[in-house]
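J.: need a structure here:
(one chain, ligands or ions: 2)
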Amino acid sequence: MASQIAVIGAGPCGLAQLDAFEEARRGGAEIPEITCFEQQSDWGGLWNYTWRTGLDEHGDPVHGSMYRYLWSNGPKECLEFADYTFDEHFGQPIPSFPPREVLYDYITGRAKKNDVRRFIQFNTAVRWISYDEQAGKFAVTVQTRDDGRTRTEQFDKVIVATGHFSTPNMPSFEGFDRFPGRIMHSHDFRDAQEFTGQRLLVIGSSYSAEDIALQTKKYGAQSVTVSYRTQPMGFPWPAGIDEVPLLSKVDGSTAHFADGTTRDVDAIVLCTGYQHSFRFISDELRLRTANVLYPGNLYKGVFWLGQPDLMYLGMQDQYYTFSMFDTQAWYARDYVLGRISLPSPEEMAADIARWRDRLAECAGPFDEIDFQAAYVADLHKEVDYPSYDLDLTRAHFKEWEHDKTASITGYRDKSFSSPCTGTIAPVHHTPWWTELDDSMATFLGNQT
Ligand SMILES: Cc1cc2nc3c(=O)[nH]c(=O)nc-3n(C[C@H](O)[C@H](O)[C@H](O)COP(=O)(O)OP(=O)(O)OC[C@H]3O[C@@H](n4cnc5c(N)ncnc54)[C@H](O)[C@@H]3O)c2cc1C
Ligand SMILES: NC(=O)c1ccc[n+]([C@@H]2O[C@H](COP(=O)([O-])OP(=O)(O)OC[C@H]3O[C@@H](n4cnc5c(N)ncnc54)[C@H](OP(=O)(O)O)[C@@H]3O)[C@@H](O)[C@H]2O)c1
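T.: Numbering: from 1, shown residues only. Ligands and ions are numbered 1, 2, ... in the order given. Here you go, the predicted structure:
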């Protein structure tokens, strides 16, 4: 009997896994029986935008953390699928920083081309995974959300692709219980126009804080104060945005900061990151990690050390996204197909330790980019994922870091070249800072 493989989640990672198997099947390989469980009613993961916040229509926490008007925060050339380029999908060169709808179209375009929908059971949430030593199989309990029924099935291997930017890390500060305005996490941020005319306090100093500060100002917030815990982002902010040390308390609507300064604010957005949360996985199989570039206990960043038939995709903090997910998915596929064998647990543990030691040496974003590029290269050299110019993407990321430092409102107007086709992206017809329309039709029309 063919072995049974469960893939959990049909976001970019889960779809990459299905695409990888489909590619092998086209190449003549006999592939196992694959079932992908997706709790939402459609594919795309975070890129499948929802207006909902809080609980969804079935009473489960909403997975989506993306907002209206979200544009790619890195050059698309650094995430391009080497087996399905932007040129192939759009039939024309497109600018380097697309809005969400355009990237959603691209991700799902490859999935449609490969016809992988047939593997997916939608509206089906995985509620529990455990390993049955005697049977040598995983027991996976799923719930079909339309009728609430549960059932348990056995699988030889399980690939977890459920993302890690959906369960908010939600600290509290003194005085929050008496603050008269809205307090929310970036997970629940949807429409920047909600804050038009308001004085906003943003807490955090990473990508969500940066982008939500810019978004809200772009769509008419009166002022945005960004409060950092460790260090300020230090970008040349446009008028109306500035950075202050950590919030110490709020007193009514007055925010007090660690340097003794105060500001009156109308609303607070906690951009304080996310928890890796896998409540559906039994204790001994559950990944516990902060948002880092090399989580512990995952050999090659993928295989669960104590039981490598359990694989996790995309659990790293991410400079590289889709192209890294692809390389992981190709590697996981080749393990499942018996093309790659894994070393002893001791050797796996030593390899993880070497990568984590190397990570500890990283002194900032430039080192981190090199680190993650080296990780991707390490996987890539063992699989038949199409080759592309990884060094070019490394150079692109570094140029992007410089561009952000030069102009935080202007970096999305830059153009990069494709590591797959060499195509040079056209410059978008309208500067990002003044472009209020993020629709695909407007984005793709009238490039200069
Ligand atoms: C606000 C925000 C903006 C971002 N912007 C960018 C960007 O501009 N560029 C970029 O490259 N990356 C961006 N990212 C990074 C993002 O992590 C990746 O682009 C990508 O979505 C990760 O894919 P994934 O498949 O790992 O996870 P997800 O996209 O989160 O998909 C996981 C899927 O698993 C499903 N699932 C979860 N639990 C279960 C369960 N128990 N049972 C069944 N199904 C389940 C979910 O419904 C979902 O469909 C952003 C992230 C956030 C939070
Ligand atoms: N396309 C886009 O424009 C876009 C927009 C938003 C997000 N994203 C993506 O979403 C992902 C998540 O980004 P993120 O910014 O949400 O999370 P993140 O990168 O994990 O950053 C979390 C931030 O929260 C801060 N923090 C945590 N606990 C805190 C506390 N108790 N008090 C004060 N500050 C605290 C951290 O500060 P310290 O530095 O002190 O630890 C850090 O600045 C990234 O992959 C990013 O690329 C993309």
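J.: show me the contacts for Asn114.
T.: 18-19, 22-23 (Cβ atoms under 8 Å, 6 or more residues apart in numbering). Where C-beta positions appear, they are placed from N, C-alpha and C, glycine not excepted.
J.: with Gly306 instead?
T.: Gly306 neighbours (Cβ under 8 Å, 6+ apart): 284-285, 297, 345.
J.: which of the contacts of Asn114 sits closest to ligand 1?
T.: Proximity of the contacts of Asn114 to ligand 1 (Cβ to the nearest ligand atom) peaks at Leu18, which lies at 11.3 Å.
J.: so the chain: which segments form each domain?
T.: 4-166+274-394, 170-270 (automatic domain parsing).
J.: can you give me the end-to-end span of the shortest one?
T.: Read that as domain 170-270. Counting by Cα to Cα, to the nearest Å, you get 7 Å between the two ends of domain 170-270.
J.: which residues sit against the strand or helix carrying Phe138?
T.: Per DSSP states H and E: Phe138 is located in strand 137-144. Strand 137-144 is touched from outside by 4, 6, 37, 121, 123-132, 149-158, 309-310, with contacts defined as Cβ under 8 Å, 6+ apart.
J.: give me that answer again for 7 Å
T.: Contact with strand 137-144 is made by 6, 37, 123-132, 149-156, 158, as judged by Cβ atoms under 7 Å, 6 or more residues apart in numbering.
J.: sorry, back to before: dump the contacts of Gly306 into CSV; add pLDDT as well.
T.: Formatted as CSV, those follow (pLDDT from 0 to 100):
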residue, pLDDT
Glu284, 97
Leu285, 98
Asn297, 96
Pro345, 97
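J.: just the buried subset of these, please.
T.: Buried positions within those, assessed by neighbour count (16 or more other Cβ atoms under 10 Å), are 285, 297.
J.: could I get the contacts of Gly306 as CSV with distance to ligand 2 and secondary structure?
T.: Listed next are those as CSV, based on distance: Cβ to the nearest ligand atom, whole Å; DSSP: H, G, I helix; E, B strand; the rest coil:
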residue, distance to ligand 2, secondary structure
Glu284, 26, helix
Leu285, 24, helix
Asn297, 19, coil
Pro345, 30, helix
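J.: what sits against Pro419?
T.: 77, 80, 388-390, 392-393.
J.: just these now: which is nearest ligand 1?
T.: Glu80 (10.6 Å).
J.: residues near the nearest residue to that closest one once chain neighbours are set aside, how many?
T.: Once flanking residues are discounted, Glu80 sits nearest to Cys420: 5.4 Å by Cβ to Cβ, 6 or more residues apart in numbering. Close neighbours of Cys420, defined as other Cβ atoms under 10 Å, add up to 23.
J.: next up, phi/psi of Cys420, please.
T.: Main-chain dihedrals, Cys420, degrees, to the nearest 10: phi -100, psi -40.
J.: what parts of the chain come near ligand 1?
T.: Applying Cβ under 6 Å from any ligand atom, we find that the chain lies next to ligand 1 at 8-14, 37-40, 45-47, 63, 65-66, 70, 72-74, 79, 125-126, 161-163, 165-166, 280, 314, 318, 321.
J.: restrict the residues you listed to those near ligand 2?
T.: Near ligand 2, by the rule Cβ under 6 Å from any ligand atom, you find 70, 72-73, 165, 318 out of the residues of the chain next to ligand 1.
J.: would you list these in TSV and tack on secondary structure and pLDDT?
T.: Shown next, in TSV, are these (DSSP: H, G, I helix; E, B strand; the rest coil; pLDDT from 0 to 100):
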residue	secondary structure	pLDDT
Leu70	coil	97
Ser72	coil	98
Asn73	coil	97
Phe165	coil	98
Gln318	coil	97
